[in-house]
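1. coordinates only, no sequence provided:
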């Protein structure tokens with residue numbers, strides 16, 4: 001049976017505050033747990049006024065305290081921004097607080113310009129090249145296979161995941177025998193080839209005997225297709241702003257937004273929106289099932305920022321009722 005989960009960027013709305021973003025994330029996690037979702041993941045981004053999940057492990061601790069059964073994790077931690085030892089401590093702490101509930105999804109792309117590199121005191125290009133070694137070191141730190149032992153961290157058993165949007169992550173996940181999550185919700189180009197490579201080259205590990213795939217989708221559900229498209233327009237605006245170099249806080253929705261754009265922008269949104277379920281509960285469920293049939297995914301994780309946090313909770317509930325009812 002396909003499992004369903006939620007990915008949250010902890011968006012900060014225009015006219016809103018960071019505190020309100022954390023409150024909305026907490027309420028979404030509670031709604032996800034009540035709806036029967038398996039995981040609630042937070043993604044690491046830095047120096048972006050519209051995204052409040054930069055201190056990912058701290059946000060996850062707050063989410064963990066507000067929930068009781070849903071798994072919490074990173075989707076993902078961009079390991080080049082950190083040292084393996086730091087992440088061992090942080091996720092060792094989470095594992096101690098919420099045993100059996102913690103996922104550690106790791107990504108390679110720091111997505112940082114020169115200013116952020118200076119702020120982080122990191123050569124991120126070199127750090128990205130060290131990513132495979134750092135993943136192995138992080139796992140070794142928790143397993144007690146290093147000279148120094150992180151406390152917390154030693155003996156922690158989060159579920160490791162490899163994240164990716166290219167063939168690199170698929171290759172590393174296969175080599176290490178890790179589950180693999182593909183960022184098809186915004187980077188669909190290499191989806192099919194990455195999954196094929198991952199499954200072909202997968203080497204069984206202690207944690208996973210066979211390949212295990214999660215795919216990401218954008219989800220916007222309402223009683224009518226028009227209303228679902230209206231709810232989606234905040235994220236569509238954010239996509240356009242990001243691609244044109246003017247990212248900011250999450251804007252309010254606009255009716256007919258997609259149709260108001262020039263043809264190149266519409267084509268861009270259509271391309272990156274291939275992994276999307278926008279419409280009524282029935283339409284969204286059909287889109288999700290078709291995507292699962294195409295990819296053979298074991299799990300689907302739903303992204304999709306909305307200006308009204310209550311609308312996103314309702315969207316998730318409607319979708320889960322249609323998918324599991």
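-> Nice, thanks for sending it over. Keep in mind that this is a model prediction, so the values were computed, not measured.
2. what pLDDT does the closest residue to residue 46 other than its chain neighbours get?
-> In space, and not counting its chain neighbours, residue 46 is closest to residue 54: 4.9 Å by Cβ to Cβ, 6 or more residues apart in numbering. (Each C-beta comes from the backbone N, C-alpha and C, glycine too.) pLDDT recorded at residue 54 is 94.
3. how deep is residue 247 tucked in, by neighbour count?
-> Neighbourhood size, residue 247 [other Cβ atoms under 10 Å]: 16.
4. contacts made by stretch 311-321 with the rest, please.
-> Stretch 311-321 is contacted from outside by 4, 6, 24, 27-28, 31-32, 34-37, 219-223, 228, 231, 277, 281, 284-285, 288, 302, 304-306, using Cβ atoms under 8 Å, 6 or more residues apart in numbering.
5. if you could redo that for stretch 131-151, that was the one I meant.
-> 79-80, 83-85, 87-89, 92, 106, 108, 127, 153-158, 160, 162, 172, 176.
6. please name the residues that touch the spatially most central residue of the chain.
-> In the chain, the centroid-proximal residue (Cα atoms, centre = their mean) is residue 75; its distance is 3.7 Å. By Cβ under 8 Å, 6+ apart, the contact list for residue 75 reads 7, 41-43, 105, 161, 163, 181, 301.
7. 6 Å - rerun?
-> 7, 41, 43, 105 (Cβ atoms under 6 Å, 6 or more residues apart in numbering).
8. one more: residue 237?
-> residue 251.
9. how about residue 170?
-> 164, 194, 197-198.
10. which of the contacts of stretch 311-321 fall within strands?
-> Of these, the ones assigned to strands by DSSP state E are 4, 6, 219-221, 277, 302.
11. now pLDDT and neighbour count too, for these, in TSV please.
-> Shown next, in TSV, are the ones in strands among the contacts of stretch 311-321 (pLDDT from 0 to 100; neighbours: other Cβ atoms under 10 Å):
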residue	pLDDT	neighbour count
4	98	23
6	98	27
219	98	30
220	98	28
221	98	31
277	98	27
302	98	26
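12. quick one: residue 101 from residue 179, how far?
-> 16 Å (Cβ to Cβ, to the nearest Å).
13. how about residue 305?
-> From residue 305 to residue 179 the distance is 25 Å (Cβ to Cβ).
14. got a quick PyMOL command for the buried subset of the contacts of residue 75?
-> Command for PyMOL, covering only those of those found buried under the criterion 16 or more other Cβ atoms under 10 Å:
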select buried, resi 7+41+43+105
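15. list just the nearest of the contacts of residue 75 to residue 63.
-> residue 41 (9.7 Å; Cβ to Cβ).
16. my guess is that closest one contacts residue 6. True?
-> No - counting by Cβ atoms under 6 Å, residue 41 does not reach residue 6; the two are 7.1 Å apart.
17. OK, contacts around residue 205?
-> residue 177.
18. er, residue 6 I mean
-> Going by Cβ under 6 Å, 6+ apart, residue 6 touches 32, 37, 40, 302.
19. for the chain, what spans make up the helices?
-> 18-35, 56-66, 84-97, 114-120, 124-129, 131-143, 167-176, 191-201, 225-243, 257-260, 263-272, 281-295, 309-324 (DSSP state H).
20. need the pLDDT of the residue sitting furthest away from the middle of the chain.
-> The outermost residue of the chain, judged against the average C-alpha position, is residue 147 (32.6 Å), by Cα atoms, centre = their mean. Listed pLDDT for residue 147 reads 96.
21. what of residue 48?
-> 91.
22. try residue 113
-> Confidence score, pLDDT, at residue 113: 68.
23. list the buried residues in stretch 298-313.
-> Going by neighbour count (16+ other Cβ under 10 Å), the buried part of stretch 298-313 is 298-307, 309, 311-313.
24. between those, which sits nearest residue 324?
-> residue 300 (12.0 Å).
25. how close does that closest one sit to residue 198?
-> Residue 300 is 16 Å from residue 198, by Cβ to Cβ.
26. can you tell me how far residue 212 is from residue 90?
-> For residue 212, the distance to residue 90 - Cβ to Cβ - is 24 Å.
27. in this structure, where is pLDDT below threshold?
-> Scanning the chain for pLDDT under 70 picks out the ranges 110-113.
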